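Chemist: Sharing a sequence plus its predicted fold:
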Amino acid sequence: MAEKETNEVNDISPAVVLTDKAIAREKRRIAHKREVFKTMTTTIYVLVLVAAVAVLLSTLYMPVIKVSGNSMNPTLYDGDIVLLIKTDKLELGDLCCFYWNNKLLLKRVIGTPGDVIELDIDGNLYVNGEYVDEMYIDKKALGECDIEFPYQVGDNHFFMLGDSREVSIDSRNSTIGSVSEEQMVGKVMVRVWPNIEIY
C-alpha cells in the first residue's frame, strides 16, 4: 500500500518556478494587451462621434447634394456633388436647391422679392429694366415658358432659372413658378466632385 502511494506522488509534475524576468515579461504583455484594447475602444468612440457630428451637420446646416440632369450645364453637370449651406441671405446669381413636388431642384437665383423680370424671345434677360450679361450660360433661349413678361417676383419668393435654358424647367413654367423661401434648402457653397470649385 505504501508503494502505491509513492508511485502516485511521483506522477505529479514538478511546480514551475517563474523567474523575475519571466514575471516582468508577462506583466508587460498584459499591459500591452490592455493598452491596445484601450486604444481600439477610444478610436471606435471617436469614429462614432465624428460620424454622428458629420450626419448632424449635413442634415441641419450643410447638406450634400448629387446633381441629377443637365439643366445646370455648363456650370454643373450630371453626377457632380455639391455642398450647400443653409442661409436665408440669397442674392442674384446664387446657385440654390429647393424642394418642388418632393424633389430637389437646383437652379440659379435670377430675381429676388419685388424684382421685375423680363425675358425676350431671343432669351435676353432684364432684371428691373437692366440687361443682365449672363456669362455662365452657353446659349440664350426662351425655353419652356408659359408665363407673361414682365413678371414681378412676389414677397418672400425667388425667380429661379437653370443655366441650360433650352432644357431647364424652372420659374418660366407655371408648374414651378416662383419659389418661396420655405421651399429653399440652401445655396451651393462648393463643388466637391469631380473637382473642387468654390461658388
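Modeler: Happy to help now that I have it.

Chemist: So which bits of stretch 116-127 are buried?
Modeler: 117, 118, 119, 123, 125, 127 (16 or more other C-beta atoms under 10 Å). (C-beta placed from N, C-alpha, C; glycine too.)

Chemist: any idea which of these is closest to residue 155?
Modeler: Within these, the smallest distance to residue 155 is 15.0 Å, found for residue 117 (C-beta to C-beta).

Chemist: Could you report the distance from that closest one to residue 150?
Modeler: 7 Å (C-beta to C-beta, to the nearest Å).

Chemist: same check, this time on residue 126
Modeler: Taking C-beta to C-beta, one finds residue 126 at 8 Å from residue 150.

Chemist: One more: residue 124?
Modeler: 13 Å.

Chemist: circling back: widest-spaced pair of the buried residues of stretch 116-127?
Modeler: Farthest pair in these, by C-beta to C-beta: 123 and 127, 14.1 Å.

Chemist: Who are the contact partners of residue 116?
Modeler: Neighbouring residues of residue 116 by C-beta atoms under 8 Å, 6 or more residues apart in numbering: 127, 128, 129, 150, 151, 152, 153.

Chemist: for the protein, what's the longest helix?
Modeler: helix 20-60 (DSSP state H).

Chemist: Point out where the chain drops to low pLDDT.
Modeler: 1-17, 52-62 (pLDDT under 70).

Chemist: Next up, the contacts around the residue nearest to the spatial centre of the chain.
Modeler: For the chain, the residue sitting closest to the mean C-alpha position, by C-alpha atoms, centre = their mean, is residue 64 at 1.2 Å. By C-beta under 8 Å, 6+ apart, the contact list for residue 64 reads 58, 81, 82, 83, 84, 192.

Chemist: Pull stretch 161-177 out as PDB, backbone CA atoms only.
Modeler: Output of stretch 161-177 as PDB, limited to C-alpha atoms (Å, rounded to 0.1, in the frame of the first residue of the first chain):
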ATOM      1  CA  LEU A 161     -33.700  79.600 -63.900                       C
ATOM      2  CA  GLY A 162     -31.400  76.800 -65.000                       C
ATOM      3  CA  ASP A 163     -28.200  77.700 -66.900                       C
ATOM      4  CA  SER A 164     -29.100  75.400 -69.800                       C
ATOM      5  CA  ARG A 165     -32.100  77.500 -70.900                       C
ATOM      6  CA  GLU A 166     -33.200  75.200 -73.700                       C
ATOM      7  CA  VAL A 167     -33.800  72.100 -71.500                       C
ATOM      8  CA  SER A 168     -34.400  73.600 -67.900                       C
ATOM      9  CA  ILE A 169     -37.900  73.500 -66.400                       C
ATOM     10  CA  ASP A 170     -37.900  76.400 -63.900                       C
ATOM     11  CA  SER A 171     -39.700  79.600 -62.900                       C
ATOM     12  CA  ARG A 172     -40.600  80.300 -66.600                       C
ATOM     13  CA  ASN A 173     -43.000  77.500 -66.400                       C
ATOM     14  CA  SER A 174     -46.200  77.900 -64.300                       C
ATOM     15  CA  THR A 175     -45.900  74.300 -63.000                       C
ATOM     16  CA  ILE A 176     -42.900  75.500 -60.900                       C
ATOM     17  CA  GLY A 177     -43.400  79.300 -60.900                       C
END
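
Chemist: Since that was my last question, I'll sign off now.
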